[in-house]
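[1] Pasting the sequence and the predicted coordinates here, then a few questions.
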Amino acid sequence: MQASASDCYGFQWWLRPLVGFAGHEPTPNDAWFTSGFGGQHVFAIPLLDLVVSMNGWNEDGSTTAFQIMDDLLDAVGN
């Protein structure tokens, strides 16, 4: 997934609305995440009481933070 018009950057974090969660009206800062070199990521989703920290090595960029975020959301469900 590529960055879209609904993705924002603020306070040194990427921001993203959560779309498709029952009873939730998406806001631009529903989820916060960092995207560091080689697959280092931190994701925080207050609505789900979820914080995930990842250390990895993805030097070729084959998996983006956006893809990981989508996989996380699929895993925790609605």
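    The structure has been received and is ready for your questions.

[2] which ones are touching Q40?
    By C-beta atoms under 8 Å, 6 or more residues apart in numbering, Q40 lies in contact with 34, 54-56. The way it works is simple: take the backbone N, C-alpha and C, and place the C-beta from them, glycine included.

[3] Just the closest of the residues you listed to L47, please.
    Comparing the contacts of Q40 against L47 with C-beta to C-beta places T34 closest, at 18.2 Å.

[4] low-confidence ranges in the protein?
    By pLDDT under 70, the weakly predicted segments of the chain are 1-11, 61, 78.

[5] Geometric centre of it: which residue is closest?
    The centroid of the chain falls nearest to M69 when counting by C-alpha atoms, centre = their mean (3.9 Å).

[6] my guess is that residue meets A31, correct?
    Yes. Counting by C-beta atoms under 8 Å, A31 is a contact partner of M69 at 6.7 Å.

[7] hey, what's in contact with both of the two?
    What both M69 and A31 touch, as defined by C-beta under 8 Å, 6+ apart, is the set 16, 43.

[8] how many neighbours does E25 have?
    8 (other C-beta atoms under 10 Å).

[9] Distance-wise, check it relative to P17.
    9 Å (C-beta to C-beta, to the nearest Å).

[10] Next: L47.
    11 Å.

[11] repeat for G39
    24 Å.

[12] Ok, Q67 next?
    From Q67 across to P17, the span is 17 Å (C-beta to C-beta).

[13] okay, those two: which has more neighbours?
    A side-by-side neighbour count of Q67 and P17, using other C-beta under 10 Å, places P17 first with 17 against 12.

[14] Which residue comes closest to that one once chain neighbours are left out?
    P26 (3.6 Å; C-beta to C-beta, 6 or more residues apart in numbering).
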